[in-house]
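Student: sequence first, predicted coordinates after that:
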Amino acid sequence: MAMARSLLKRLEDEHVDVVGDALADLENWFGERVQASEDAKEFFAEINSGAEVKGGIPYLLNLFSKFTVAFKTNSTYKDSIRKVIRNTFSEFATAFNRFLRDTEAALEQSGKAKRVLFIIDGTDKLRGEDRSAFFIQDAEQLLAIEAHVIYTAPLSLKYEGSTGKLDDLVLPMIKLYERDGTPCTAGWNALRNILLRRADRALFAQDSEIKGIIENSGGHPREMLRLLKLCCEYAEDDVIDATTVQTAIKQLASEYRRFLEPEDYTLLARIDKNQAHVGNDKRTRNLLYNLALLEYNDGSWQRSHPVVRLLDGYALALTDQGPTGGG
């Protein structure tokens, strides 16, 4: 539903007209299968009551938008709507796929694009039964949509071997250092560019503050932005200075302290000392999942999160392990 809504909204914004019967197919699916269902009839009576347009992209955009809102906020109708869609999904997929083909033809004719790509972000945050339902139980539904689609998925699926029929690609951290400890200039530049797209250079007192945020992200863009957010919260004026950055780093480190166990520190120190990849057991997978342990290149080498190395538990474990290698 969200994919359909996003595509319709983009077409409306770009003033792209889709000709043919594809829109009619989607409208017929709504009218004959969903709207006519007893489970959803009351819901449709509500959303259609104020609708001025009864056809075309504006009408479908209005329907899909209200559908996605109902899934998030309306507990009264959510289960009944989900049931109707599940029971008629194959017909929806057929209609939507035809709409996709007509859309791509219209985009190519207008010189705007050749194919549609959906990027579904946030699905990596699904947990427990929701995760299994989306990526495993409903995988056939995901594959039924004949489009280029990228889903972000929980890393644990990969380590559990649960990606099933879906093609998977694990994106490593952006390297700040090579395995031997040599700085990776391309990685530093990439993260700096990302950071300065979110925060103007004038917000930082010096370049060293930018370097500190990037360094302590370990090459993970989301961790870098978490540090930036903390800096904005702790800054006492309009400039992020060294004291602010250090406060943010300590706060992020404290978040890791809350869930790390003594054995976790021991394992992290051992991996940092001897970076030969000897396999991922349950504890290692859990550390990777929680980002206390980061992996680089194709996952062939791993390194503890920089802020974890600031914790007393890690320092004690490191003393037991002896001196570390580079990185």
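Tutor: All right, it came through fine. Residues are numbered from 1 along each chain as shown.
Student: residue boundaries of the strands in the stretch 1-150 of the chain?
Tutor: Along the stretch 1-150 of the chain, the stretches classed as strands by DSSP state E, counting those that start in this stretch are 117-120, 148-151.
Student: tell me the buried residues in the last one?
Tutor: Along strand 148-151, these residues count as buried under the neighbour rule (16 or more other Cβ atoms under 10 Å): Tyr151. Placement of C-beta: from N, CA and C, glycine included.
Student: name the residues that touch it?
Tutor: With Cβ atoms under 8 Å, 6 or more residues apart in numbering as the test, strand 148-151 has contacts from 3, 115-120, 123, 135, 142, 166.
Student: who are the packing partners of the longest helix along the chain?
Tutor: As assigned by DSSP state H, the longest helix anywhere in the chain is helix 89-110. On a contact count with 3 or more Cβ pairs under 8 Å, 6 or more residues apart in numbering; DSSP states H and E, helix 89-110 meets helix 2-14, helix 22-28, helix 139-144.
Student: contacts for the last one?
Tutor: Defining contact as Cβ under 8 Å, 6+ apart, one finds that helix 139-144 is touched by 89-90, 93, 97, 134-135, 149, 151, 164-166.
Student: if you rank the residues you listed by neighbours, which is first?
Tutor: Compared across the contacts of helix 139-144, Phe135 has the highest neighbour count, 21 neighbours, by other Cβ atoms under 10 Å.
Student: my guess is that residue contacts Leu166. True?
Tutor: Yes: using Cβ atoms under 8 Å as the test, Phe135 is close enough to Leu166 to be in contact (6.7 Å).
Student: residues shared between the contacts of the two?
Tutor: Counting by Cβ under 8 Å, 6+ apart, the residues touching both Phe135 and Leu166 are 142, 151, 153.
Student: please name the bridge partners of the second one.
Tutor: Meaning Tyr151. Beta-bridge partners for Tyr151, by DSSP bridges, are Ile120.
Student: wait, doesn't Asp102 sit right on Ala22?
Tutor: Yes: the pair Asp102 / Ala22 is scored as a contact, 4.0 Å apart, by Cβ under 8 Å.
Student: what bits of the stretch 101-250 of the chain have low per-residue confidence?
Tutor: By pLDDT under 70, the low-scoring segments of the stretch 101-250 of the chain are 161-164.
Student: mind listing the helices for it?
Tutor: Assigned helices in the stretch 101-250 of the chain, in chain order: 128-132, 139-144, 155-160, 185-198, 207-215, 221-234, 242-257 (criterion: DSSP state H, counting those that start in this stretch).
Student: turn those helices into CSV, columns for distance to Lys273 and mean neighbour count.
Tutor: Listed next are the helices of the stretch 101-250 of the chain as CSV, based on distance: least, Cβ to Cβ, whole Å; neighbours: other Cβ atoms under 10 Å:
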stretch, distance to Lys273, mean neighbour count
helix 128-132, 34, 12
helix 139-144, 40, 14
helix 155-160, 23, 16
helix 185-198, 23, 15
helix 207-215, 20, 19
helix 221-234, 23, 18
helix 242-257, 19, 17
